[in-house]
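1. fold the stuff below for me.
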Amino acid sequence: MAPKRQNDLGASDELSGRERKKQKTAIARTIAVQSTPGPSGTGGNAAAGPSKSVRFDSMKGLPGALDVVRFAESRAFEINAMHEAMQNARSNSTQRAWQQLPRHLRRRAASHDVRRVPLRLRDKARAEMDVPQRKKSDKQSEKGKLRRSERTAKLLGRQQDKTWLETHVWHAKRMHMDNLWGYRLAITPTEKSFRPSHRASVHGSILHDASYFATIELKGPEDILRAILDSCCDCQGPSPGAKRYLTGARTVETHMYGYSTYPYNLLGPATILWQATGLDAAETAAFQEGRGKGRGKQKESAPLPNDSQQRIRVVWVRIHPSVTVEVHKALRLAASSTLDNAKQSGRVAEVEMADLREHFNVFEIMGPKASQVIKGALKPVGSNWGDFKKFWDSLSKIQSTGSIPRGMVIGFTVHDPRLSFPPKNAKVCVEGGTTLSPASTVFPSAALAGSKIWDESTRVALRKPRFQKKDIDQRRSNNLVPGTPLKAERNDDRIPVLLIQRSVENNASAQGSSARLPRGSPTNSLHGWTLIIPQGWGMPFLSSLIYTGTRVGGQRERQTQAFEAGCAYFPRDVPTTAAYEEYAGEREEDEREAWERKPPAKRPNYEKLATRSPWRPDWGVVLGLAQTAQARKENGEELMETQRDVEMAEDSAAPPKAASVEPEKHVEPWLLRGPDLAAVVADVASMLSPTAGLLVHLNQLRAKRKLDPLDPSVRAEDVMRGALVQVGISLRGRGCPDDLAVIYRVEDEEARKWVRAEALKADGLALLGDGPDETELSQVSPSQDNIIGYVTTGSFSLSLGEGHAVGAIPFAQYLELQKQAQRLRSGDRLLVKVRNRDETICRAASIELLY
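-> Numbering: from 1, shown residues only. From the prediction side, this is the model:
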């Protein structure tokens, strides 16, 4: 019978896949054998003698000595055959080149890029790849150029409603991104890194790209600039124009307010830095010598170096991007008013204001190893020595930048970091003995803080690196010895940088607070550096910094650092500010939408849980400036105001307001904060009339900055009613407070039961059941009238090993808690209760002031 298919004729002669694989493996494991020579020929082994069986009973025929070289040459065929057989057997294994790599080295890009494979497997990977096809015509290159131009236009089009940082592409490949404050910023890494990031900030180093912070430059006479800053900055603490800051050797950490509106209209935190213009000994001698040569009028007309009216200074104000417009407006108003006052006195002066956003790249490097990362990644130019050499040598001996003066500024010039790539971390050199800290030998000075980064022409010239990365790699490939660092040439870029000491700590911890809470200990503080470099050098510096092994964090990691250090984070922990209202509104919309998407059985019923405001804190109700929705309904105002809202919405074609409360117009909420808060609270609490004493203290603080007292229409009662204070909350037992948890005050009778229950628990008598139990007390439902505040940030603290929170309460309620602690004789531990918004259990907690 004829076969049905044509291929059936040779089907029996073909081998199966398994048989072909076995045959291929057998061939690969076969060792080649040299053919036996004929009778007339001589083989390769003839020179050394034929291989014969050796008789053990006789040593006859064996040579007395063996020539190793001659023997190896005679056995060359066997040696080469064995070597090739081993190579063939290895290359014929069931694993491909990329499968032989450990998992942490495997990359999907290695499947089409041989250079991604280690050198030992590169030849095998190249043989396993498909043969690349040549381009048929030059039209392909033209299309490629067209695609590149289209891609550039497309990427620029994606930045119309937001701005990308220079390191955006690097972060976008490794982190979750989101739109914040007009930028596309990294939120958190894609890998699980919450605990590793905390360990890096405590024991290693972690980097954050803070280039999105805005910088405002003011240039003018020194006394004018000081007056402008005094009218817009916090009145507590030292002035931005104090002597310790005027030299430019230190930065000022303060808060910005509206022009002459302290304590109202808080805008946000700010870092102020003066340009270093101090005269050293040589310059002072030259100045005096120049004055001595003149005679008469020339000698009298020469301006003194300390004349604040004649000296032109430059100051930078670094602010949060969410308050850029408000701070611009406040500074412009302050400059206009100050110049008008100078003009009335017959003086003509000018102040220049420039917006330097996107002119710098800023990296925040936190952790005890931050100094070693800086020293390993940067190579200073050798011409700048003196005190800087002492400081640079001491970096390898600093175990924490907390030993360096706060806000110390160091300016220097470095070589292109790509020339010394890859960098090597400097190791910590711990010297024996009880010697002083290396940082104590170098103090802040104007000579150490000088840098060319203040010069605009220098920054413009360095905006684009002179050499691309491919040029640097070509120079490196020309080295005779691979891996040799490149030497800087005359035409290589020299980049001026600024290095600023940065600390994330609570002022109470920094000043050695005597509080008994864990947050009173300065061990939770985090220290590091802020590195400021010119525009265009973000990626070259980032590549060197991250190659040292430091981790990279986003917004979540930066917030966690402030939370672990016991500090309030702007804007989420700073109520009464416009930035906080915007943040709270966006958070309310997101959480409400997520809650509404869930079925009723899978979401908390806030009405049954008696949670008055589950989406955002109602500070107006807490301060007593507004009524709750329930109270308005009982008073018969609910229907009338709803109709009014609908009519206003129809007239203005805008959605009705989501807030169900309306604060009183004559009382404005404000936040009482500052480095002198502890002294202010102690003085006000000791007065017979704390309400009047608070207004007196505020006017005294305004007088320090040469500001007029508050308007006479502002009553002391209204000032006290609208005051909020930030507090740190530590639970006395188990539990963990969450965001938007409710803070309740405790009546005296219940407070005594809590104190008694804690005493029994400490003595080990709680199981006997003779006294009050914490479990029973925590299940008592508090009244909504006892709400005195809300938690703005709450979570489990990894540094404390327990739940912790940051919140805010009215200042009047804080004074009442102090009086209650005196009645109960509980010392400085102020007792409150905290309840999460989706729970019914209330936990006892202690609070302390944050300032």
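
2. I figured A821 hits L831, correct?
-> Yes - judged on Cβ atoms under 8 Å, A821 makes contact with L831 at a distance of 7.3 Å. To be clear about C-beta, it is placed using only N, CA and C from the backbone, and glycine gets the same treatment.

3. neighbour count: the two, which is higher?
-> Between A821 and L831, L831 has the larger neighbour count (other Cβ atoms under 10 Å), namely 21 against 17.

4. got a list of what the more buried one touches?
-> When contacts are counted by Cβ atoms under 8 Å, 6 or more residues apart in numbering, L831 touches 746, 751, 754-755, 817, 820-821, 824, 844-846.

5. now do the contacts for V414.
-> Neighbour list for V414: 378-381, 494-495, 497 [criterion: Cβ under 8 Å, 6+ apart].

6. nearest to R673, out of these: which one, please.
-> Taking Cβ to Cβ as the measure, V497 is the one of these closest to R673, at 32.5 Å.

7. show me where the stretch 401-550 of the chain has its helices.
-> For the stretch 401-550 of the chain, the helices defined by DSSP state H, counting those that start in this stretch occupy 446-449, 456-461, 469-477, 507-510, 538-547.

8. for these, give me a markdown table that also has mean pLDDT and mean neighbour count.
-> A markdown table is the format used below for the helices of the stretch 401-550 of the chain (pLDDT from 0 to 100; neighbours: other Cβ atoms under 10 Å):
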| stretch | mean pLDDT | mean neighbour count |
| --- | --- | --- |
| helix 446-449 | 90 | 22 |
| helix 456-461 | 93 | 13 |
| helix 469-477 | 90 | 13 |
| helix 507-510 | 58 | 19 |
| helix 538-547 | 93 | 20 |
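
9. TSV please, covering these and showing distance to R151.
-> As requested, those are arranged in TSV below (distance: least, Cβ to Cβ, whole Å):
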stretch	distance to R151
helix 446-449	43
helix 456-461	27
helix 469-477	19
helix 507-510	50
helix 538-547	18
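
10. A354 is nearest to which of those helices?
-> Minimum separation from A354 across the helices of the stretch 401-550 of the chain (Cβ to Cβ) falls at helix 456-461, 8.6 Å.

11. coming back round to it: from the contacts of V414, pick the one nearest D387.
-> The closest of those to D387 turns out to be P380 (Cβ to Cβ; 12.8 Å).

12. quick one: contacts for that closest one?
-> Contacts of P380 were listed using Cβ under 8 Å, 6+ apart, and they are 388, 392, 412-415.

13. surely A626 meets V667?
-> No - if you go by Cβ under 8 Å, A626 and V667 don't touch, sitting 9.7 Å apart.

14. okay, strands next: where are they in the stretch 401-550 of the chain?
-> Using DSSP state E, counting those that start in this stretch, the strands of the stretch 401-550 of the chain run over 409-415, 494-504, 526-534.

15. highest average neighbour count across those?
-> Mean neighbours per residue, mean count of other Cβ atoms under 10 Å, is largest over the strands of the stretch 401-550 of the chain for strand 526-534, with a mean of 24.

16. what helices or strands is that one leaning on?
-> Using 3 or more Cβ pairs under 8 Å, 6 or more residues apart in numbering; DSSP states H and E as the contact criterion, the elements in contact with strand 526-534 are strand 360-366, helix 370-377, strand 494-504.

17. of those, which is nearest T691?
-> strand 494-504 (34.8 Å).

18. to E191, which of the helices of the stretch 401-550 of the chain lies closest?
-> Shortest distance between E191 and the helices of the stretch 401-550 of the chain, using Cβ to Cβ, is found for helix 538-547: 14.2 Å.

19. quick one: which of the helices of the stretch 401-550 of the chain is nearest L694?
-> L694 sits nearest to helix 507-510 of all the helices of the stretch 401-550 of the chain, at 19.8 Å, using Cβ to Cβ.

20. how about low-confidence regions in the stretch 151-300 of the chain?
-> Counting by pLDDT under 70, the low-confidence segments of the stretch 151-300 of the chain come to 278-300.

21. cheers, nothing more for now.
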